[in-house]
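Peer 1: pasted the sequence and its predicted model underneath.
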Amino acid sequence: MKGYTSVVKTSQAQPPQEDQIDADQAIIDRVLAGDRESFATLIGRYSDPLYRHAVGMTGSPDDAADILQNSFIKAYQHLGEVRGRFDAWVFRIVANGCKDWLKNIRRTHLSYEEDDQPSGYETPEEELDRGELRGDLDEALGALPPSLREAFVMKHVEGRSYEEMAELLETSVGALKMRVHRAREALQKLLEERYL
């Protein structure tokens, strides 16, 4: 699994199409009928976006991998309880795992691994400034309450639509817009305190 970059919008997350939902249900039916190996197909299909979300919430690739592994174990054990979209159901398991981790750890900052792309900065000083800004932004993100951090990461890091966020988190679009707005305000205030 690959690391995660700071608050840079990655590819737009797309909800699965109807045929994907049907395919997921067919796999679930096979697993419940005793074909345990078929569960690996679901893991392969959803691991990357769930892992990126967990890294965004924890700031730790190792902890994100642990949360993801525990979430898939829990999903397997409760597979018969899936109602509706599997991806939304398993996302809630991972999101709850992240929130539990945040409650237990109380980290003061997040750190994202550098991506493999060239920075585009010409001088070492510009590169240093970029690293310092990233560190300050990660620290400010770490200071947000988990619900605000989650909404901000889903919207501005994962690039999800408010409608998809509402479905995954089982809340209203309006509530999520408010969380993202509050997260932006809090980040702006924290960064202004640092730079002004």
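Peer 2: Thanks, I have the structure now. Numbers count the residues shown, from 1 in each chain.
Peer 1: give the buried residues for stretch 179-187.
Peer 2: Neighbour counts over stretch 179-187 (16 or more other CB atoms under 10 Å) mark 179, 180, 182, 183, 186, 187 as buried. In this view, the C-beta of every residue, glycine as well, is placed from N, C-alpha and C.
Peer 1: could you find the closest non-adjacent residue to the first one?
Peer 2: Closest residue in space to residue 179, ignoring its immediate chain neighbours: residue 151 at 3.7 Å, by CB to CB, 6 or more residues apart in numbering.
Peer 1: so that neighbour, which state does it fall into?
Peer 2: helix (DSSP: H, G, I helix; E, B strand; the rest coil).
Peer 1: per-residue confidence at it?
Peer 2: Note on residue 151: pLDDT of 91.
Peer 1: in this structure it contacts residue 165, no?
Peer 2: Yes: the pair residue 151 / residue 165 is scored as a contact, 7.0 Å apart, by CB atoms under 8 Å.
Peer 1: any common contacting residues for those two?
Peer 2: residue 176 (CB atoms under 8 Å, 6 or more residues apart in numbering).
Peer 1: pull the number of nearby residues for residue 17.
Peer 2: A count of nearby residues for residue 17, using other CB atoms under 10 Å, gives 9.
Peer 1: re earlier: name the residue in residue 151 and residue 165 with the higher neighbour count.
Peer 2: Comparing residue 151 with residue 165 by neighbour count (other CB under 10 Å), the higher total belongs to residue 151, at 26 against 22.
Peer 1: list the residues that contact the residue positioned nearest the centre of the chain.
Peer 2: Centroid check for the chain by CA atoms, centre = their mean gives residue 53 as the closest residue, at 1.4 Å. Contact partners of residue 53, counting by CB under 8 Å, 6+ apart, are 91, 94, 95, 98, 153, 154, 158.
Peer 1: I'd say the third one and residue 169 touch.
Peer 2: Think residue 95. Yes: counting by CB under 8 Å, residue 95 touches residue 169, with 7.0 Å between them.
Peer 1: name the residues contacting each of the two.
Peer 2: Both residue 95 and residue 169 are contacted by residue 150, under the criterion CB under 8 Å, 6+ apart.
Peer 1: buried residues, the strand or helix carrying residue 44. List them.
Peer 2: Assigned by DSSP states H and E, residue 44 falls within helix 39-58. Judged by neighbour count (16+ other CB under 10 Å), helix 39-58 contains these buried residues: 39, 42, 45-47, 49-58.
Peer 1: among those, find the lowest-pLDDT one for me.
Peer 2: Minimum pLDDT for those is recorded at residue 58 (84).
Peer 1: measure that residue to residue 45 for me?
Peer 2: 22 Å (CB to CB, to the nearest Å).
Peer 1: look up how far residue 160 lies from the residue nearest to the centre of the chain.
Peer 2: From residue 53 to residue 160 the distance is 9 Å (CB to CB).
Peer 1: list the residues that contact both of the two?
Peer 2: Contacts common to residue 53 and residue 160, judged by CB under 8 Å, 6+ apart, are residue 154.
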